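Trainee: need a structure here:
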Amino acid sequence: MMIIRGTQTLLLVLVAWKLFLIRSKLRQLKLHLLHRIMNGRSSGSWRK
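Mentor: Modelled structure (predicted):
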C-alpha cells in the first residue's frame, strides 16, 4: 500500500511539474511575441 501511494504521489508531482513548466514556457513565448510585436511596431514607425 505504501509503495502504491508513493508512486501515485510521484506521478502527481511529475504531472504538476510538467504542467508548471509548460505554463512557464507559454508565458515566456507570449512575452517574447509581445516584445517582438511592440519592437516591430516601434521600429516600423521610426523608419517611416
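Trainee: which stretches of the protein form helices?
Mentor: Remark: helices assigned in the chain by DSSP state H are 2-47.
Trainee: below-threshold pLDDT in it: ranges please.
Mentor: 1, 42-48 (pLDDT under 70).
Trainee: if we go to 90?
Mentor: Scanning the chain with the threshold set as pLDDT under 90 gives 1-6, 37-48.
Trainee: identify all contacting residues around stretch 20-37.
Mentor: Identification of contacts with stretch 20-37 by Cβ atoms under 8 Å, 6 or more residues apart in numbering yields no residue at all. Quick note: C-beta positions are derived from backbone N, CA and C, even for glycine.
Trainee: which parts of it are buried?
Mentor: For stretch 20-37, the neighbour count (16 or more other Cβ atoms under 10 Å) marks no residue as buried.
Trainee: export that stretch as CSV, just CAs?
Mentor: Taking Å, rounded to 0.1, in the frame of the first residue of the first chain, the C-alpha atoms of stretch 20-37 are listed here in CSV:
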residue,chain,number,x,y,z
PHE,A,20,4.2,24.2,-14.4
LEU,A,21,7.0,24.0,-17.0
ILE,A,22,4.6,24.2,-19.9
ARG,A,23,2.8,27.2,-18.4
SER,A,24,6.1,29.0,-17.8
LYS,A,25,7.2,28.2,-21.3
LEU,A,26,3.9,29.5,-22.7
ARG,A,27,4.2,32.7,-20.6
GLN,A,28,7.7,33.2,-21.9
LEU,A,29,6.6,32.7,-25.5
LYS,A,30,3.7,35.2,-25.0
LEU,A,31,6.1,37.8,-23.5
HIS,A,32,8.6,37.2,-26.4
LEU,A,33,5.9,37.6,-29.0
LEU,A,34,4.5,40.7,-27.3
HIS,A,35,8.0,42.2,-27.2
ARG,A,36,8.6,41.4,-30.9
ILE,A,37,5.3,42.9,-31.9
